[in-house]
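Chemist: Sequence and predicted structure are below.
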Amino acid sequence: MIPAVPRVLREEPQFRLLFLGQALSVIGDRATMIALPFAVLSIGGSATEVGIVAGAMTVPFLLFALVGGVWADRLSRHRLMLGSDVVRMLVQAVAAVLLLTDTAEVWHLAVLMAIFGTADAFFQPAMVGLMPSIVRPELLQDANALRGLTMSTAHIAGPALGGALVALAGAGFAFAIDALTFAVSSVALALMRPPATTRVREATKSMWADVRGGIHEAWSRGWVRGFLLLLAVYHVVVLPAIFVLGPVLAEREYGGAASWAIVSIGFGVGAIVGDLIVLRIRPSRPLLVAAIAFVVASCQAIIIGSGLPIPAIAALEAVTGIAVTIGFTLWETTLQREIPEHTLSRVSSIDWLASAGLMPIGLAVAGPIADAIGIHTLLAIETAIAVPVALAVVASPSVRGVRAARDSTA
């Protein structure tokens with residue numbers, strides 16, 4: 001039975017502050033993602049300009065993710081996260097003022113989202129690197145599971161909040177709410193007092209030498225190489241089925257957005273269940289379990305294109321939601337336990353770049369390929385590519401050889 005207040009929240013006060021700030025912030029972010037396209041359209045923007053503004057937030061992340069990892073390994077991760085939150089708070093506040101006063105132009109939003117994406121590129125590697133310094137090793141998995149739980153909940157609550165705010169008060173109000181959540185997160189970070197850490201630094205101050213050092217740290221481990229490949233394939237090949245092909249198929253064959261909402265909610269509920277499960281399980285071979293979970297997750301494309309009734313698809317998507325959250329939590333926890341602290345943020349930034357950073361490629365090509373060969377054919381091909389890759393990682397001796405640290409307090 002899971003305690004009402006998980007042990008990591010009771011025993012790790014620095015993580016408790018981080019968790020409370022982030023729990024609210026991620027909901028605000030998800031709400032804004034819904035509001036952003038409507039904000040562009042509300043000021044006369046076209047569909048193309050919606051894509052430009054969305055891309056303006058993604059491209060800086062690709063450009064600065066590795067730099068963010070280097071800075072997070074060089075500087076105070078805690079202060080870097082605080083600075084990132086303050087910048088993003090100001091960006092969303094300015095966007096809110098421009099929209100609420102009817103003075104916003106498309107280029108305003110594009111510039112603001114580019115600044116937002118840049119700040120985000122520095123926050124994520126810093127947070128992954130900070131975790132081992134504020135959470136004891138035996139509680140890292142619980143901490144990551146709770147972070148995953150906030151994100152899974154936000155995937156359901158955020159769009160609902162964003163849609164309601166846009167409908168009732170306008171997109172500008174959604175940005176104002178997000179700015180407020182960043183203010184709360186900034187206060188939580190400012191109150192944190194993480195312990196000082198002594199980091200081993202390479203005998204160089206060259207940014208690119210540090211980047212190469214992070215790449216070497218990742219590439220020298222077979223299990224990291226295998227998972228980077230697995231995650232790249234998952235984000236480039238599988239996720240376009242969720243974000244592009246699924247909605248199109250729902251519109252053509254299942255009656256539209258309401259049907260797709262049921263599927264999305266099924267996945268979200270499964271993800272929450274997976275977070276609760278990973279709060280309890282302690283697999284002796286965590287990466288092996290994570291790889292098996294991604295075998296299941298890689299079946300999403302064929303599930304969506306199966307032709308089954310929507311309730312059945314939603315139920316199967318709930319199973320994949322469980323698998324996805326277990327896989328990502330165990331992967332991130334293993335990185336934090338196995339990668340040396342002084343290079344952890346750089347390796348994390350490589351992870352982000354090789355996975356989420358490559359996803360726009362898959363999103364961009366999925367539609368044209370589906371138009372050329374058919375949606376159902378492409379969904380089957382996506383599964384035929386992704387599942388064997390995941391199975392190969394399951395079979396990898398280096399993945400099977402990574403064992404969990406012994407928890408003497410369990």
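Modeler: Cool, the structure landed. Worth saying up front: this structure is predicted, and the values here are computed from it rather than measured. Numbering: from 1, shown residues only.

Chemist: So which residue is dead centre in the protein?
Modeler: Here the mean C-alpha position of the chain is nearest to the C-alpha of Ala356 (C-alpha atoms, centre = their mean), at a distance of 7.3 Å.

Chemist: That residue contacts Val236, doesn't it?
Modeler: No - contact criterion C-beta atoms under 8 Å: Ala356 and Val236 do not qualify, at 10.2 Å. C-betas here are computed from N, CA, C, even on glycine.

Chemist: just the strands in this structure please.
Modeler: Counting by DSSP state E, no segments of the chain form strands.

Chemist: Give me the domain ranges for it.
Modeler: Listed by automatic domain parsing, the domain ranges of the chain are 1-190, 210-405.

Chemist: In JSON lines: these, plus distance to Ala196.
Modeler: As requested, those are arranged in JSON lines below (distance: least, C-beta to C-beta, whole Å):
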{"stretch": "domain 1-190", "distance to Ala196": "9"}
{"stretch": "domain 210-405", "distance to Ala196": "12"}
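
Chemist: Save those as JSON lines, and put in mean pLDDT too.
Modeler: Putting those into JSON lines (pLDDT from 0 to 100) gives the following:
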{"stretch": "domain 1-190", "mean pLDDT": "87"}
{"stretch": "domain 210-405", "mean pLDDT": "89"}
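
Chemist: Run a quick neighbour tally on the closest residue to Gly266 other than its chain neighbours.
Modeler: Closest residue to Gly266 apart from its sequence neighbours, by C-beta to C-beta, 6 or more residues apart in numbering: Ala314 at 3.2 Å. For Ala314, the count of nearby residues is 22 (other C-beta atoms under 10 Å).

Chemist: before we move on, what about Gly270?
Modeler: 23.

Chemist: just the helices in the stretch 151-300 of the chain please.
Modeler: Taking DSSP state H, counting those that start in this stretch as the test, the helices found in the stretch 151-300 of the chain are 171-191, 207-219, 222-233, 239-240, 246-253, 257-278, 286-297, 300-304.

Chemist: what are the ranges of the helices in the stretch 1-150 of the chain?
Modeler: Assigned by DSSP H, counting those that start in this stretch, the stretch 1-150 of the chain shows helices spanning 7-11, 13-42, 47-74, 77-100, 106-134, 140-168.

Chemist: quick one: the residue nearest to Leu130 when sequence neighbours are not counted from Ser133, how far?
Modeler: Distances taken as C-beta to C-beta, 6+ apart place Arg77 nearest to Leu130, at 4.3 Å, with adjacent residues excluded. Using C-beta to C-beta, to the nearest Å, Arg77 is found at 8 Å from Ser133.

Chemist: Overlap of the contact sets of these two?
Modeler: Taking C-beta atoms under 8 Å, 6 or more residues apart in numbering as the contact definition, Arg77 and Ser133 share the neighbouring residues Pro194.

Chemist: Neighbour count: the two, which is higher?
Modeler: Using other C-beta under 10 Å as the criterion, Arg77 and Ser133 rank with Arg77 on top: 26 against 16.

Chemist: correct me, but that one touches Ala126?
Modeler: Yes - at 4.1 Å, Arg77 counts as touching Ala126 under the criterion of C-beta under 8 Å.

Chemist: what do these two both touch?
Modeler: Taking C-beta under 8 Å, 6+ apart as the contact rule, Arg77 and Ala126 both touch Ser345.

Chemist: just to revisit the earlier point, now the residue nearest to the centre of the chain: closest residue in space, sequence neighbours ignored.
Modeler: Residue nearest to Ala356 in three dimensions, not counting chain neighbours: His235, with 6.0 Å by C-beta to C-beta, 6+ apart.

Chemist: count of neighbours near that neighbour?
Modeler: His235 has 20 neighbours, counted by other C-beta under 10 Å.

Chemist: Can you give me the separation between it and Ala35?
Modeler: 24 Å.

Chemist: Next up, the contacts around the residue lying closest to Thr325 once chain neighbours are set aside.
Modeler: Of all residues not flanking Thr325 in the chain, Gly274 sits nearest, at 3.5 Å (C-beta to C-beta, 6+ apart). Going by C-beta under 8 Å, 6+ apart, Gly274 touches 148, 152, 321-326, 329.

Chemist: Check Ala250 too.
Modeler: Ala250 neighbours (C-beta under 8 Å, 6+ apart): 256-257, 259-260, 263.

Chemist: Wait, Trp352 touches Ala65, no?
Modeler: Yes - in this structure, Trp352 is within contact of Ala65 by C-beta under 8 Å, at 5.4 Å.

Chemist: residues bridging contact with those two, i.e. touching both?
Modeler: Jointly contacting Trp352 and Ala65 under the rule C-beta under 8 Å, 6+ apart are 124-125.

Chemist: what's the spacing between the residue nearest to His78 when sequence neighbours are not counted and Gly401?
Modeler: Closest residue to His78 apart from its sequence neighbours, by C-beta to C-beta, 6+ apart: Pro194 at 5.0 Å. Counting by C-beta to C-beta, the separation of Pro194 from Gly401 is 32 Å.
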